[in-house]
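Engineer: 3D, please:
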Amino acid sequence: MSLHRTTQDGVARAAAAVLCLAVAWIHVQDQGGFPGDKTPHYVAVGYYILEGAGALGAALLLAGWRSRLYPADWLLVTAVAAGPLLGYVLSRGPGLPNYSDDKGNWTEPLGVASLGVEGTLLLLAVVVLAMSHRAARAPEL
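Structural biologist: Numbering: from 1, shown residues only. Below you'll find the model as predicted:
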């Protein structure tokens with residue numbers, strides 16, 4: 001792997017790690033701190049899983065700092081970004097079972113910030129996965 005590609009990998013990993021932690025932090029804030037008070041229980045559990053996955057994703061990305069692009073790390077990062085985006089749309093659109101706190105609340109500041117962070121993270125993860133796939137299929141010279 002060239003120095004240029006290694007530097008790109010490091011920058012992408014660092015940026016994604018920061019964004020993963022930002023996703024986790026935003027959701028801790030939204031649930032009212034930790035352990036939080038989100039109801040119904042399945043929403044609270046979803047928040048806990050997301051926050052743990054965000055921290056784990058950041059740790060895996062930083063642990064692989066000097067290594068090749070590992071698709072498994074980036075697949076987790078993709079889930080950390082896409083999961084709450086889907087939750088945002090479902091909770092504000094049709095609503096979720098026994099959960100109407102956010103229905104129609106499309107402009108909540110923390111929610112809008114979350115969309116920006118998650119959208120950026122998702123875009124970064126998809127680009128890295130596409131580049132990784134392309135590099136894996138390219139013949140070595």
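Engineer: switch to C-alpha atoms for all contacts and neighbour counts from now on
Structural biologist: Noted.
Engineer: give me the number of residues near Ser114?
Structural biologist: Ser114 has 23 neighbours, counted by other Cα atoms under 10 Å.
Engineer: who touches Gly95 in this structure?
Structural biologist: 102-103 (Cα atoms under 8 Å, 6 or more residues apart in numbering).
Engineer: what about it, distance to Asp30?
Structural biologist: As judged by Cα to Cα, to the nearest Å, Gly95 and Asp30 stand 17 Å apart.
Engineer: With Thr6 instead?
Structural biologist: For Thr6 relative to Asp30 (Cα to Cα), the value is 36 Å.
Engineer: which residue packs closest to Ala58, ignoring adjacent ones?
Structural biologist: Ala17 (4.0 Å; Cα to Cα, 6 or more residues apart in numbering).
Engineer: wouldn't the one you found be in contact with Gly57 here?
Structural biologist: Yes: applying Cα atoms under 8 Å, one finds Ala17 in contact with Gly57, separated by 6.8 Å.
Engineer: Name all residues that make contact with the residue nearest to Ala58.
Structural biologist: Contacts of Ala17 (Cα under 8 Å, 6+ apart): 57-59, 61-62.
Engineer: Now intersect these with the strands, please.
Structural biologist: Of the contacts of Ala17, none are assigned to strands by DSSP state E.
Engineer: Tell me where the model's unsure across this structure.
Structural biologist: For the chain, the stretches with pLDDT under 70 are 1-5, 65-70, 134-141.
Engineer: quick one, helices of it?
Structural biologist: 3-30, 41-63, 71-92, 109-137 (DSSP state H).
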